[in-house]
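Chemist: Whatever this is, show me its structure:
(2 chains)
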Protein chains: 2
Amino acid sequence: MDTKVVPDLISSERVEGTKVYNTEGDKLGSIEQLMIDKRSGHVRYAVLEFGGILGVGTDHYPMPWSILKYDTRLDGYVVPIDKNALREAPRYRDDESPVYDVDYGRRVYRHYGVDERL
Amino acid sequence: MDTKVVPDLISSERVEGTKVYNTEGDKLGSIEQLMIDKRSGHVRYAVLEFGGILGVGTDHYPMPWSILKYDTRLDGYVVPIDKNALREAPRYRDDESPVYDVDYGRRVYRHYGVDERL
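Modeler: Okay, the predicted model is just below:
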């Protein structure tokens, strides 16, 4: 291979805390953490943190990494989902731990219209 | 697909700060950050932070994700590399920013004897 393709990398620390907007420019929340498949090293979900006051009552929305598009103007990610669709999205609350099993993954990926890569 | 394989996930926040040991049980440092391929969502490097006093003069060692094996007894990652091999490993200092291009990736992956997945 002599192709000079440079992988475009970003630090996990830089992603965490980055604001997330919808395509209308409404702020939805920010990225809390990335959930990584231990074996493959693949980012399975980026978790959007949303709502709550002083971190109390926050909702957490796992999303496929591939729907996050960085917008330099907003200095944040844009996801193609409106606020109503977000209301229906798979989420968990602070006191919940989702079981990230195959069915859960399917629900998440389907909700955002993304092909699963399990 | 009806296989009930559950992807074994870990949070980026949990990985960051986790201690790293060699197979002899010597502490090498801790994971500083993960470098993620923006397009594929694949963790390209886990960066080991090592040395320095109060964060001054720290060295940073990008490593392939796949060489990190979690050891519950140590509550940290074990990497199959001795301290001498670490001395020869690709690294950068605080005031340096590596150009994560194809050649750099090759050097890193080769040093740790891991097949490249660019």
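Chemist: roughly how far is the lowest-mean-pLDDT helix or strand in chain A from the heart of the chain?
Modeler: Each helix and strand of chain A was given a mean pLDDT (mean pLDDT, DSSP states H and E); the minimum falls on helix A:83-87 at a mean of 84. Offset of helix A:83-87 from its chain centre (Cα atoms, centre = their mean, to the nearest Å): 14 Å.
Chemist: what bridges to A:Asn22?
Modeler: Following DSSP bridges, A:Asn22 is listed with bridge partners A:Val79.
Chemist: thinking again about what came up before, what are the contacting residues of the least confident helix or strand of chain A?
Modeler: The contact list for helix A:83-87 (Cβ atoms under 8 Å, 6 or more residues apart in numbering or on different chains) reads A:22, A:26, A:28, A:50, A:61, A:111. From N, CA and C alone the C-beta is placed, and that goes for glycine too.
Chemist: Now with 10 Å, please.
Modeler: Helix A:83-87 is contacted from outside by A:22, A:24, A:26, A:28-29, A:48, A:50, A:59, A:61, A:63, A:79, A:111-112, using Cβ atoms under 10 Å, 6 or more residues apart in numbering or on different chains.
Chemist: Now do the helix or strand following it: which elements does it pack against?
Modeler: For helix A:83-87, the following helix or strand on the C-terminal side (DSSP states H and E) is strand A:92-93. Contact partners of strand A:92-93 among helices and strands, from 3 or more Cβ pairs under 10 Å, 6 or more residues apart in numbering or on different chains; DSSP states H and E: strand A:59-63.
Chemist: Just give the nearest non-adjacent residue to A:Tyr100, would you?
Modeler: B:Leu9 (5.1 Å; Cβ to Cβ, 6 or more residues apart in numbering or on different chains).
Chemist: Burial check on that neighbour, number of neighbours?
Modeler: B:Leu9: 20 surrounding residues under other Cβ atoms under 10 Å in any protein chain shown.
Chemist: hey, what's it bridged with?
Modeler: A:Asp37.
Chemist: With A:Tyr61 instead?
Modeler: Bridge pairing for A:Tyr61 - DSSP bridges - gives A:Leu48.
Chemist: A:Pro90 is in contact with that one, correct?
Modeler: Yes. In terms of Cβ atoms under 10 Å, A:Tyr61 counts as a neighbour of A:Pro90; the distance is 7.1 Å.
Chemist: any residues in contact with both of the two?
Modeler: Joint contacts of A:Tyr61 and A:Pro90 (Cβ under 10 Å, 6+ apart) are A:45, A:108, A:111-112.
Chemist: ok, A:Tyr61 and A:Pro90, which is more surrounded?
Modeler: Neighbour count, other Cβ under 10 Å: between A:Tyr61 and A:Pro90, A:Tyr61 has more, with 25 against 19.
Chemist: That one and A:His42, how far apart?
Modeler: Taking Cβ to Cβ, to the nearest Å as the measure, A:Tyr61 and A:His42 are separated by 19 Å.
Chemist: Could you do A:Gly105 as well?
Modeler: 12 Å.
Chemist: How about A:Asp71?
Modeler: A:Asp71 sits 24 Å away from A:His42, taking Cβ to Cβ as the criterion.
Chemist: Comparing these two, which residue is more hemmed in?
Modeler: Higher neighbour count among A:Asp71 and A:His42: A:His42, with 21 against 13, using other Cβ under 10 Å.
Chemist: Below-threshold pLDDT in chain A: ranges please.
Modeler: A:1-7, A:52-56, A:117-118 (pLDDT under 70).
Chemist: What segments of it are helices?
Modeler: Secondary structure of chain A (DSSP state H): helices located at A:12-15, A:83-87, A:102-111.
Chemist: how about those helices in a markdown table, adding mean neighbour count?
Modeler: Below are those laid out as a markdown table (neighbours: other Cβ atoms under 10 Å in any protein chain shown):
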| stretch | mean neighbour count |
| --- | --- |
| helix A:12-15 | 19 |
| helix A:83-87 | 12 |
| helix A:102-111 | 16 |
